[in-house]
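> Return atomic coordinates for the entry below.
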Amino acid sequence: MNIENIRRVLNQQAGKDLLKYLTAELESMKNIDELEISLNPIKTTIELKAQKKAYNKLKQILVGLITYSEDQQAKSNQDSYQV
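Sure, this is the predicted structure:
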């Protein structure tokens, strides 16, 4: 697998749209509302750990393809009405 070829594709418009989508999904994984909360604390703990592992794996993949900056992502997610 040639990472440079993948990066070249990702620099095209379709690739940029894909990266926007993936980074948005990555950020949504941080949202605690996405968790399935159960009355069973063990099940909830497993769900939380699984989500954290999935987040870390997707982030690892994206970091290998692009320079991912949480600061840049946070700036782009700010409310446009915020002063």
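
> which ones are touching the spatially most central residue of the chain?
For the chain, the residue nearest the mean C-alpha position is residue 26 (1.4 Å; Cα atoms, centre = their mean). Counting by Cβ atoms under 8 Å, 6 or more residues apart in numbering, residue 26 touches 55, 58-59, 62. Every residue, glycine included, has its C-beta placed from N, CA and C.

> what about burial for those, which qualify?
With burial judged by 16 or more other Cβ atoms under 10 Å, the buried subset of the contacts of residue 26 is 55, 59.

> quick one: least confident of the contacts of residue 26?
In terms of pLDDT, the lowest of the contacts of residue 26 is residue 62, showing 85.

> Pull out the buried positions in the particular helix or strand that has that residue in it.
Using DSSP states H and E, residue 62 sits within helix 41-65. Applying a neighbour-count criterion of 16+ other Cβ under 10 Å, one finds 47, 51, 55, 59, 65 buried in helix 41-65.
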